[in-house]
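*Asks:* below are the sequence and a predicted model for it; my questions follow.
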Amino acid sequence: MSKPELILMGEYAATDMASLESDYTVHRYWEAADKVAFLASHAGTVRALATRGDLGVSGDVINALPSLELICCFGVGVDAIDLTEAKARGIKVTTTPDVLNEDVADLALALMLGIARQIPQADTFTRLGDWAKGNFPLLTRVNGKRLGILGLGRIGMAIARRAESFLMPVSYCTRSKRADVGYQYFASAAELAGHSDFLVAILPGGEATAKIVNADVLKALGPKGFFINVARGSVVDEAALLHALETKAIAGAALDVFWNEPKINPRFFSLQNVVLHPHGGSGTSETRAAMGKLVRDNLAAYFAGQPLLSPIN
Ligand code: NAP
Ligand code: 8YV
């Protein structure tokens, strides 16, 4: 029996590539020199497409594939997928929820500790031999400080659980107040920031949340407050953030995600009050393997006529 066909938008890890290629005829979009001709050559046959959160799928690609029925995303953020076009065409979309919660939450805590205790700066200080010339400055405690979580979903809850063990009072902002948690609720990002020492963004990207962390939110966070972004670069007004960091209007920021990543604004590089991380909240081999498996399990379910494991629509 011939293998089902699959368009892959970008490369996966070697083990995931091997598994996909043993089960599917994989057409490599990213390697095609002529994308239009590539899509045209598969337009009549390809029913499934797999992508990554950072690559998504544009409306143009969706429209060029009239046989497309399923999009599987390696990642939970779907801001780079044209969901309007997918919905209009009745195309199912799956993501990889839950399997990455704990690792992204680990990184959020690591970034909080990293910026407050200046771990990268302390490493450089020690390596350069500056310790022999004098002690590293005293820093800011994390434990017991107020944590504000912007977006208390699957990952936000995993961050909140960790924060409890750091004895941090947790508050949050979402569009709908959760009935199942006792954390203090704020209806706006600015109110949340005004009651936070550490403000962590972990809500979806996309138009609806674009620049939700704006100059007013950063002003409310104030000169002793730290901003942590493990959501998407789009959720923060990056010009306002850079200005706040340069003028010390906030104490610092630790960022896993950026506008225009990976070619991020070089103004970040000269700042001492930031910790910069290359979008890797889910970046452990264990979690990436689980994400790859969930992509494959969704594809297998679809081609076997079984219910999808993690559809979003
Ligand atoms: P989730 O379970 O869907 O949670 C999203 C949360 O955001 C919900 O609490 C939702 O509550 C809230 N929210 C949505 N729109 C909002 C708004 N306008 N204002 C305030 N809160 C809002 O998603 P998740 O699995 O936790 O993932 C969250 C995001 O993290 C993903 O979409 C992705 O962009 C990002 N992410 C990043 C990494 C990384 O490597 N850095 C890894 C994984 C995920 P309401 O619906 O009540 O508003
Ligand atoms: C991935 C992510 O790094 O799940 C997400 O939304 O941002 C990350 O887990 C990304 O999707 C891989 O491209």
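*Replies:* That came in fine, so what should we check first? Ligands and ions are numbered 1, 2, ... in the order given.
*Asks:* give me the nearest residue to P169, chain neighbours excluded.
*Replies:* Nearest residue to P169, sequence neighbours excluded (Cβ to Cβ, 6 or more residues apart in numbering): R146, at 5.3 Å. All C-beta spots, glycine's among them, are computed from the backbone N, C-alpha and C.
*Asks:* just give me the neighbour total for that neighbour.
*Replies:* 17 (other Cβ atoms under 10 Å).
*Asks:* so which residue of the stretch 101-250 of the chain comes closest to ligand 2?
*Replies:* Nearest residue of the stretch 101-250 of the chain to ligand 2: V104, at 6.9 Å (Cβ to the nearest ligand atom).
*Asks:* kindly list the main-chain dihedrals of that residue?
*Replies:* Dihedral pair for V104: phi -70, psi -40, per degrees, to the nearest 10.
*Asks:* leaving out sequence neighbours, find the closest residue to it.
*Replies:* V104's closest residue in space is G281 (Cβ to Cβ, 6+ apart), at 3.7 Å.
*Asks:* for the residue of the stretch 101-250 of the chain closest to ligand 2, give me its contacts.
*Replies:* V104 makes contact with 155, 158, 202, 230, 281-282, according to Cβ atoms under 8 Å, 6 or more residues apart in numbering.
*Asks:* out of those residues, which comes closest to A289?
*Replies:* Using Cβ to Cβ, S282 is the member of these that lies nearest A289, at 10.8 Å.
*Asks:* OK, contacts around A43?
*Replies:* By Cβ under 8 Å, 6+ apart, the neighbours of A43 are 64-67.
*Asks:* what distance do you get for G222 to L83?
*Replies:* Separation of G222 from L83 (Cβ to Cβ, to the nearest Å): 36 Å.
*Asks:* what's the burial count for the residue nearest to V104?
*Replies:* Quick note: G281 (other Cβ under 10 Å) scores 26 neighbours.
*Asks:* I'd say it and A108 touch.
*Replies:* Yes: because the distance of 7.5 Å satisfies Cβ atoms under 8 Å, G281 is recorded as touching A108.
*Asks:* give the helix, strand or coil label for whatever residue of the stretch 151-300 of the chain ends up closest to ligand 2.
*Replies:* For the stretch 151-300 of the chain and ligand 2, the shortest gap (Cβ to the nearest ligand atom) falls at S282, measuring 3.3 Å. Of the three states, S282 takes coil under DSSP: H, G, I helix; E, B strand; the rest coil.
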